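> could you look at this predicted model? Sequence included:
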Amino acid sequence: MSTRQRLAQPDDNDGQADAVEPAGPSRPGRTAYRRGAANPNGSTTALRADVLGALGVLKVATADQLQRLLRPGAASNKAIRQALGDLALHGLVASDGNTRNRHKTWRLEGTVGLEAAGQVLGLPRADMGGTARGAGRSGAQHAMAVNETVLAFVRGGTAPGAAGGVGTVTDWATEVEFPLPGGRRKVRPDAVWQAPEIGVPVLMVEVDRSTMAPERVAAKFTAYRELFRTKVKSTDPALADREPADRMVHWWRQAWPGRHTRPGYPPVALVVTDAGPVALANRQQAVADLSRDAWGGSWWTMRSDDAGGDGWREYDDAVPVIATTLELLAEHGPLGPIWWRYGREGRHSLLDALESPDTRAAYDQRQAAREENARQAHRELMRTLACADCGQIPEQESTWEYKLHGWWTRRPCGRCYPCHEQHQQRQEEEREAQAQARLKAARAANAELRPCWTCGGSIGGKAGSPLELTEKAGPDRLECLQCASDREEKELGPLVLPAPTKRELLVARFSAPPDRWWEDRVRHAELYPVKDRTP
């Protein structure tokens, strides 16, 4: 039996297309169709073209994956198997292995297969890559995981109410190589997705089956940043008259000229699988910690804003990284809240996750809110500084220093400066009136006391003189302040009253002496005996 005849036979494991049957009488109620000799399995031209295009993108796939991708509403993958059988008869596709679940893997066959797929995709042979020959012999486990990722993006989530898919398989490219500067190393994403219709000009996709060390996965993001830093001469005619240095642009902007509205380089999606939920969560965190330098950006702050250490991140030299698990992706689709943006809390939808956190715009909003809160607090403070007398509220918005009349500080329950001056004036007048009243009372009291021993005037001194007493004189005072000052200035020593005579002492034994100074004379006689006095 020839190779073409074997490929046309049914396959027990994969449910291969039925064998060619000669046309015969149709049963009642059925229409007989004669299958063409070129495609004895009866596949349509459109389906064969779709299969070629899908294999041109995925490189290797099973009939079940192709059925879910190309004909999701079909009850089985029989039509896909028929198309594969016919394409195999023409030498365009081949199968060289099975998956672990014993699903036959299919790939393009040779140059003729690549050229046929290139015609369907509208790509030259140079852009078609290889045929993945021999990948199916080991089960093509990584390729199957990449296919399931593409399927989830295209078909959407399987959970009830999950978001639908985006685009078609032709929006994807797999196994594309990008040489790093120097040409010795290459960056090879598992898949490249373009969806400019939803605002994603390009997305690099890395599928991690948890078989590689986290350090090696993290190193890929560093390589991506090195790749995206590469610049080439712009082909834009509008820049033709500029200096050569000004015509240099990042190569990825020319490769994918969509609207790149987000800061930083093209984003990279990390899809992890083949482990338990806890292990996958830990793996995502480990890769994030190891690759922070590639996606973290640089921190900036404005000390003049008095923002308490708050600031923003610049992502001009950063690779945005979003991560999820293949299980979440298949369940909720790419637009569901499944993506963790490195450097941001929680899970978000695809477009929300691609928005960079802690940007300058977000900082400006926070700073504007802080300034508005400060203004509101200041207005509240101003209201508490209403004048206690006239009720006037300060108008200053930037400080609570009230500078209408010099450096005057308004305080709660205080006064404005004019009212403060009036209050001070009233207090001064009250103090002056009280002082005058005290002086008047002192004069009246001192006038009733004994006079000054030396000058014979009021013991309180001459009215209006600088040395006039402003209070009632004490019982021990013998002179007014002026006479006491003159005595001290002339160094006359202390005032000593004349000692009582024997006659005066004898009379005092029977009646009170009329002398106002009697008690002081007696006391002085005791303090200053007559025999010790200087003549």
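Received it, and whenever you're ready, just let me know what you need. Residues are numbered from 1 along each chain as shown.

> going by C-alpha atoms from here, please, whenever you check contacts or count neighbours.
Will do.

> need the helices for the stretch 201-350 of the chain, in chain order.
Taking DSSP state H, counting those that start in this stretch as the test, the helices found in the stretch 201-350 of the chain are 214-228, 251-255, 277-290, 292-295, 326-332, 350-354.

> check the offset of the first one from the chain's centre.
Going back to what we said before, that points to helix 214-228. From the chain centre to the centre of helix 214-228 is a distance of 25 Å (CA atoms, centre = their mean, to the nearest Å).

> ok, back up a step: Throw the helices of the stretch 201-350 of the chain into CSV and include mean neighbour count, thanks.
CSV is the format used below for those (neighbours: other CA atoms under 10 Å):
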stretch, mean neighbour count
helix 214-228, 18
helix 251-255, 15
helix 277-290, 16
helix 292-295, 20
helix 326-332, 22
helix 350-354, 19
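
> out of those, flag the one nearest residue 170.
With CA to CA, the closest approach to residue 170 among those belongs to helix 251-255: 16.8 Å.

> so which of the helices of the stretch 201-350 of the chain comes closest to residue 64?
Checked against CA to CA, the stretch from these lying closest is helix 326-332, at 15.5 Å.

> quick revisit: and the helices of the stretch 201-350 of the chain: which comes nearest residue 234?
With CA to CA as the measure, helix 251-255 is the member of those nearest residue 234 (7.7 Å).

> where does pLDDT dip in the protein?
1-36, 395-408, 532, 534-535 (pLDDT under 70).

> longest helix in it, by number of residues?
Looking across the chain with DSSP state H, the single longest helix is helix 417-448.

> and the residue nearest to residue 77 when sequence neighbours are not counted, what does it touch?
Among residues not flanking residue 77 along the chain, residue 67 sits closest, at 5.4 Å (CA to CA, 6 or more residues apart in numbering). Residue 67 is in contact with 74, 76-77, 80, counting by CA atoms under 8 Å, 6 or more residues apart in numbering.

> at 10 Å what do you get?
Neighbouring residues of residue 67 by CA atoms under 10 Å, 6 or more residues apart in numbering: 51, 73-81.

> what's the answer for residue 165, then?
Under the criterion of CA under 10 Å, 6+ apart, the neighbours of residue 165 are 150-157, 332-336.

> for the residues you listed, give me CSV that also has distance to residue 515.
Putting the contacts of residue 165 into CSV (distance: CA to CA, whole Å) gives the following:
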residue, distance to residue 515
150, 129
151, 130
152, 127
153, 126
154, 129
155, 129
156, 126
157, 124
332, 120
333, 122
334, 121
335, 118
336, 117
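
> alpha carbons of stretch 341-355, as PDB, please.
C-alpha atoms of stretch 341-355 as PDB (Å, rounded to 0.1, in the frame of the first residue of the first chain):
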ATOM      1  CA  ARG A 341       0.600  43.400  35.900                       C
ATOM      2  CA  TYR A 342       4.100  43.200  37.500                       C
ATOM      3  CA  GLY A 343       4.400  46.100  39.900                       C
ATOM      4  CA  ARG A 344       0.600  46.400  40.500                       C
ATOM      5  CA  GLU A 345      -1.800  44.800  42.900                       C
ATOM      6  CA  GLY A 346      -4.600  42.500  41.900                       C
ATOM      7  CA  ARG A 347      -5.800  40.900  38.700                       C
ATOM      8  CA  HIS A 348      -7.200  43.000  35.800                       C
ATOM      9  CA  SER A 349      -8.500  42.800  32.300                       C
ATOM     10  CA  LEU A 350      -6.100  42.800  29.500                       C
ATOM     11  CA  LEU A 351      -6.400  46.500  28.600                       C
ATOM     12  CA  ASP A 352      -6.400  47.600  32.200                       C
ATOM     13  CA  ALA A 353      -3.300  45.500  33.000                       C
ATOM     14  CA  LEU A 354      -1.400  47.100  30.100                       C
ATOM     15  CA  GLU A 355      -1.900  50.500  31.700                       C
END
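
> centre of the chain to that stretch, how far?
A distance of 13 Å separates the C-alpha centroid of stretch 341-355 from that of its chain, computed with CA atoms, centre = their mean.

> so which residue is dead centre in the chain?
residue 358 (3.0 Å; CA atoms, centre = their mean).

> without its sequence neighbours, what residue ends up closest to that residue?
Beyond its immediate neighbours in the sequence, the residue positioned closest to residue 358 (CA to CA, 6+ apart) is residue 312, lying 5.1 Å away.

> partner residues bridging the one you found?
The bridge-partner assignment for residue 312, based on DSSP bridges, gives residue 300.

> tell me, how many neighbours does it end up with?
A count of nearby residues for residue 312, using other CA atoms under 10 Å, gives 19.

> which residues touch it?
When the contact criterion is CA under 10 Å, 6+ apart, the partners of residue 312 are 297-302, 357-364.

> one more: residue 364?
311-312, 370.

> hang on, the earlier thing: can the helices of the stretch 201-350 of the chain go into CSV with extra columns for distance to residue 513?
Formatted as CSV, these follow (distance: least, CA to CA, whole Å):
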stretch, distance to residue 513
helix 214-228, 119
helix 251-255, 124
helix 277-290, 111
helix 292-295, 111
helix 326-332, 122
helix 350-354, 113
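
> and of the ones you listed, who's closest to residue 110?
Between residue 110 and these, the tightest spacing by CA to CA is seen for helix 251-255, at 27.8 Å.

> can I get the closest one as PDB, trimmed to CA atoms?
Once non-C-alpha atoms are left out, helix 251-255 reads as follows in PDB (Å, rounded to 0.1, in the frame of the first residue of the first chain):
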ATOM      1  CA  TRP A 251      13.000  49.300  15.300                       C
ATOM      2  CA  TRP A 252       9.800  47.900  16.800                       C
ATOM      3  CA  ARG A 253       8.000  51.100  16.000                       C
ATOM      4  CA  GLN A 254       8.700  50.500  12.300                       C
ATOM      5  CA  ALA A 255       8.000  46.800  12.600                       C
END
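
> what residues does it touch?
With CA under 10 Å, 6+ apart as the test, helix 251-255 has contacts from 201-202, 227-236, 257, 259-260, 265-266.

> which members of those residues are classed as buried?
For these, a neighbour count by 16 or more other CA atoms under 10 Å gives the buried set as 201-202, 227-229, 231, 234, 260, 265-266.

> so which elements touch the lengthiest strand in the chain?
In the chain, taking DSSP state E as the definition, the longest strand is strand 200-208. Under the contact definition 3 or more CA pairs under 10 Å, 6 or more residues apart in numbering; DSSP states H and E, strand 200-208 sits against helix 141-155, strand 172-174, strand 191-195, helix 214-228, helix 251-255, strand 268-272, strand 321-325, helix 350-354.

> quick one: those as a markdown table, columns for distance to residue 123 too.
Conversion of the helices and strands packed on strand 200-208 to a markdown table gives the following (distance: least, CA to CA, whole Å):
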| stretch | distance to residue 123 |
| --- | --- |
| helix 141-155 | 20 |
| strand 172-174 | 11 |
| strand 191-195 | 15 |
| helix 214-228 | 24 |
| helix 251-255 | 15 |
| strand 268-272 | 24 |
| strand 321-325 | 29 |
| helix 350-354 | 29 |
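
> wait, which of these is closest to residue 460?
Per CA to CA, nearest to residue 460 of those: helix 350-354, 93.1 Å.

> was I right about the residue nearest to the centre of the chain contacting residue 345?
No: between residue 358 and residue 345 no contact is recorded; they are 11.5 Å apart, counting by CA atoms under 10 Å.

> dump the buried ones among the contacts of helix 251-255 to TSV, plus distance to residue 165.
As requested, those are exported to TSV (distance: CA to CA, whole Å):
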residue	distance to residue 165
201	16
202	16
227	29
228	28
229	31
231	34
234	35
260	22
265	25
266	21
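
> now the helices for the stretch 351-500 of the chain?
Secondary structure of the stretch 351-500 of the chain, counting by DSSP H, counting those that start in this stretch: helices at 360-384, 417-448, 481-489.
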